[in-house]
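K.L.:
Sharing a sequence plus its predicted fold:
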Amino acid sequence: MLDRLLHQLDQALGFHEAAAHCDIPCKIYDPITAQLAALTVVRMMDLIKETADAHPNLGTADHAQLIRLVVEKENHAKAVKDEVRVIWGDYFKAPQFEQVSGVHEMVHGIMMQASRCKQGIAREDGEELVRMVNRFAAAFWQTKGVETFTALCPYPPSLELVYPKLG
């Protein structure tokens, strides 16, 4: 019966797929997905510049490559926003807000910076997004009572990331 109802809704409204955070209090949160997405934004910006610089007279294949790179840059900037929003909205509660002042402003700043990265290709904007997400990651781990350290990530774009000390 449920299958039939869903099929009728699909036919009537044109819904083919729905996606949402599960909202089960699983307590499994980690800012690394946002950090990796922010790194990917910078990497895509680098590849966009490399492609444009290497091919001043872009052919069809080069245009297609640029389109793919831009789409991935924008998808990962959106992923930064999504991942940070889930942690901020689902994990952060009164005790965490008391531990880390300014979280709302921090998250809003990340949202604005990710939008700036979607709108342009300035590497410095991407680097700032990584720095902002790193500050968010440090704040997150602080609320868990986990020390952090900073190190260069071992892959392009070779920027510093905040990691939890787990050992």
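P.N.:
That came through fine. Residues are numbered from 1 along each chain as shown.
K.L.:
how about low-confidence regions in this structure?
P.N.:
Regions of the chain meeting the criterion pLDDT under 70 cover residues 1-24.
K.L.:
rerun that using 50 as the cut-off
P.N.:
By pLDDT under 50, the weakly predicted segments of the chain are 18, 20.
K.L.:
residue ranges for the strands of it, please.
P.N.:
148-152, 160-164 (DSSP state E).
K.L.:
Now do the contacts for the residue most central in space within the chain.
P.N.:
In the chain, the centroid-proximal residue (CA atoms, centre = their mean) is V80; its distance is 1.5 Å. Counting by CB atoms under 8 Å, 6 or more residues apart in numbering, V80 touches 34, 37-38, 41, 110, 114, 129, 133. Heads up, the C-betas are built off the backbone N, CA and C, glycines and all.
K.L.:
Now do V130: how many residues are near it, please.
P.N.:
25 (other CB atoms under 10 Å).
K.L.:
coming back round to it: which of the contacts of V80 lies at the shortest distance from A54?
P.N.:
V41 (20.6 Å; CB to CB).
K.L.:
Stretch 90-105 spans what distance, first to last residue?
P.N.:
Stretch 90-105 has its terminal residues 17 Å apart, counting by CA to CA, to the nearest Å.
K.L.:
Can you name the residues in contact with that stretch?
P.N.:
Outside stretch 90-105, the residues that touch it by CB under 8 Å, 6+ apart are 21, 23, 25, 27, 29, 88, 139-140, 142-143.
K.L.:
among the contacts of V80, who's most crowded?
P.N.:
Result: A38 is most packed of the contacts of V80 (other CB under 10 Å), 34 neighbours.
K.L.:
Surely it and L129 touch.
P.N.:
Yes - counting by CB atoms under 8 Å, A38 touches L129, with 4.8 Å between them.
K.L.:
so where do the helices sit in this structure?
P.N.:
If DSSP state H is used as the criterion, the helices of the chain fall at 2-13, 32-54, 60-86, 94-99, 103-119, 123-143.
K.L.:
any idea of the angle the last one forms with strand 148-152?
P.N.:
Here the directions of helix 123-143 and strand 148-152 differ by 150 degrees (axes from the mean of the first three to the mean of the last three CA atoms, to 10 degrees).
K.L.:
want to throw the strands of the chain into JSON lines with distance to D53 and mean neighbour count?
P.N.:
Formatted as JSON lines, these follow (distance: least, CB to CB, whole Å; neighbours: other CB atoms under 10 Å):
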{"stretch": "strand 148-152", "distance to D53": "24", "mean neighbour count": "11"}
{"stretch": "strand 160-164", "distance to D53": "25", "mean neighbour count": "18"}
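K.L.:
Name the nearest residue to E147, ignoring sequence neighbours.
P.N.:
K165 (4.4 Å; CB to CB, 6 or more residues apart in numbering).
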